[in-house]
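my questions concern the predicted model and sequence given below.
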Amino acid sequence: MKLYQLKAKQGLPISKKAAWDFLSDPKNLKTITPDHMGFHILSGADRPMYQGQIIQYIVKPFAGYATKWVTEITHVRNEEYFVDEQRFGPYSLWHHKHFLKEVEGGVEMEDIIDYKIPFGIIGQIVQPFLVKKQLESIFKYREHKLKELFGVLEGYDNQLELN
């Protein structure tokens, strides 16, 4: 089974604390997820993020298909990084690292997601035109939404890379 990776970086003209306060509040996930994903938190978002936190969602990754997604926050270092891992959901593996770094004029957010697609060779065949496109779309939406909420770090080149 092939392991895929997505990397995204975005600069915002806000403090590291402001970025952390927004990103570490699970309720804000809905704000930065496209409406067509039908994202709805079922449980686990009633308090700020902590190690061991279990969050349950309903998500519609594709039209006509809804699934429950359960993630666990496995690592947290206040105002520096956190890691969420899928415990149940649409991927065979989902390991998402979120990093924050102070840069001139604001903060750089970096995401590194390692994931595996189920269904063996069929999953590998649909990865480039279905899953990869969906993830690109989600992260482009998130980038746009965060720019709308917080502005853009002048001179910063946002990056999105899927392997």
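Received it, and whenever you're ready, just let me know what you need.

ok, longest strand in the chain?
strand 65-77 (DSSP state E).

send me the next helix or strand after that one as CSV with only the CA atoms.
Counting by DSSP states H and E, the next helix or strand C-terminal to strand 65-77 is strand 81-88. Extracted as CSV, the C-alpha positions of strand 81-88 are listed here (Å, rounded to 0.1, in the frame of the first residue of the first chain):
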residue,chain,number,x,y,z
TYR,A,81,2.5,22.1,17.0
PHE,A,82,-0.2,19.5,17.3
VAL,A,83,-0.8,16.1,15.6
ASP,A,84,-4.2,14.5,14.8
GLU,A,85,-4.5,10.9,13.7
GLN,A,86,-7.5,9.2,12.3
ARG,A,87,-8.9,6.4,14.4
PHE,A,88,-11.8,5.6,12.1
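
who touches strand 81-88?
The contact list for strand 81-88 (CB atoms under 8 Å, 6 or more residues apart in numbering) reads 23-24, 49, 54-55, 68-76, 93-100. Glycine gets a C-beta too; all of them are placed from N, C-alpha and C.

if you count neighbours, what's buried in the longest strand of the chain?
69, 70, 71, 72, 73, 74, 76 (16 or more other CB atoms under 10 Å).

wait, which of those is closest to residue 16?
Relative to residue 16, the closest of the buried residues of strand 65-77 is residue 76; by CB to CB it sits at 14.7 Å.

which helix or which strand is home to the residue in the chain sticking out farthest from the centre?
What lies farthest from the middle of the chain is residue 121; by CA atoms, centre = their mean that is 25.3 Å. Using DSSP H and E, residue 121 sits in helix 120-126.

what residues sit buried inside the helix or strand following that helix?
Beyond helix 120-126 on the C-terminal side, the first helix or strand identified by DSSP H and E is helix 132-150. Neighbour-count burial for helix 132-150, counted by 16+ other CB under 10 Å, picks out 132, 135, 138, 139, 141, 142, 143, 146, 150.
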